[in-house]
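S.K.: need coordinates for the following:
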Amino acid sequence: MSQDNGLLVDVRGVDKVFKRGAEKIHVLGGLDLEIPEGEFLALMGPSGSGKSTLLNLIGGLDKPTQGEVHVAGKRIDKLSDRKLASWRARHVGLVFQFYNLLPVLSAARNVELPLLLTRLNSKQRKQQVDTAMTIVGLSHRMKHYPRTLSGGEQQRVGIARAIVTDPTLLLCDEPTGDLDRKAGDEVLELLQTLNESQGKTIVMVTHDPHAAARASRTLYLDKGQLGEEPIE
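M.R.: Numbers count the residues shown, from 1 in each chain. Here you go, the predicted structure:
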């Protein structure tokens with residue numbers, strides 16, 4: 001697959017089966033998904049429907065049992081673990097529900113972490129950290145530690161860390177799930193800005209219809225299949 005057709009993500013016939021002892025749990029079955037470059041896609045569905053599993057497959061954090069996953073013109077499900085880690089460092093930014101910031105590091109140092117996997121020197125890394133922190137509106141909080149930041153500020157630091165490498169794809173797993181409505185709206189506004197002003201392709205897993213309404217398209221996942229309407 002190439003990007004000539006405007007697709008950034010092309011998932012074809014993907015199955016995902018987890019084993020729990022002798023039991024096999026089928027999470028995704030023959031699933032297809034196309035995501036055009038520059039789209040802001042929300043994935044909704046009941047707990048256990050496979051939303052985070054699908055996100056992990058798109059981000060190269062896991063591999064399908066069957067099927068193909070193409071991202072940015074590369075078939076990532078066939079890459080070795082070493083090549084996949086290198087690809088992920090260049091192409092994927094991850095935003096988690098619980099921020100995953102290291103408490104012993106300042107906000108700026110947390111944001112810098114993905115850059116330590118690159119060949120940038122310290123001056124170049126600082127420039128990119130400054131840019132990312134400015135984009136999320138926290139340039140005045142660079143030296144603050146996570147414990148001194150509000151939940152909304154911590155999530156914005158998490159977003160700065162996700163975008164600091166200028167990734168091809170931004171994957172967000174319940175990014176407002178641990179925030180109150182006001183802080184959540186600020187985070188969603190930021191994601192919308194990244195999508196509309198900077199052209200970032202975003203895939204967001206959420207339970208919240210209010211959050212999904214910010215996306216340009218919403219798909220519903222249930223019983224291993226995707227649809228444009230909730231499955232009754």
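S.K.: show me which helix or strand of the protein is least confident by mean pLDDT.
M.R.: Here the helix or strand of the chain ranked lowest by mean pLDDT, DSSP states H and E is strand 225-227, holding a mean of 83.
S.K.: contacting residues around that strand?
M.R.: 29, 30, 31, 32, 33, 219, 220, 231 (Cβ atoms under 8 Å, 6 or more residues apart in numbering). (C-beta placed from N, C-alpha, C; glycine too.)
S.K.: roughly how far is it from the heart of the chain?
M.R.: Relative to the centre of its chain, strand 225-227 is centred 19 Å away, using Cα atoms, centre = their mean, to the nearest Å.
S.K.: got the buried residues for it?
M.R.: 225, 226 (16 or more other Cβ atoms under 10 Å).
S.K.: partner strands of that strand, with direction?
M.R.: With DSSP bridges as the test, strand 225-227 is paired with strand 217-222 (antiparallel).
S.K.: C-alpha coordinates for the partner strand, PDB please?
M.R.: C-alpha atoms of strand 217-222 as PDB (Å, rounded to 0.1, in the frame of the first residue of the first chain):
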ATOM      1  CA  ARG A 217     -15.500  11.000  12.300                       C
ATOM      2  CA  THR A 218     -16.700   8.500  14.900                       C
ATOM      3  CA  LEU A 219     -16.700   4.700  14.500                       C
ATOM      4  CA  TYR A 220     -18.200   2.200  16.900                       C
ATOM      5  CA  LEU A 221     -16.400  -1.100  17.800                       C
ATOM      6  CA  ASP A 222     -18.400  -4.000  19.200                       C
END
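S.K.: mind listing what's buried in that strand?
M.R.: Neighbour counts using 16+ other Cβ under 10 Å place 218, 219, 220, 221, 222 of strand 217-222 among the buried residues.
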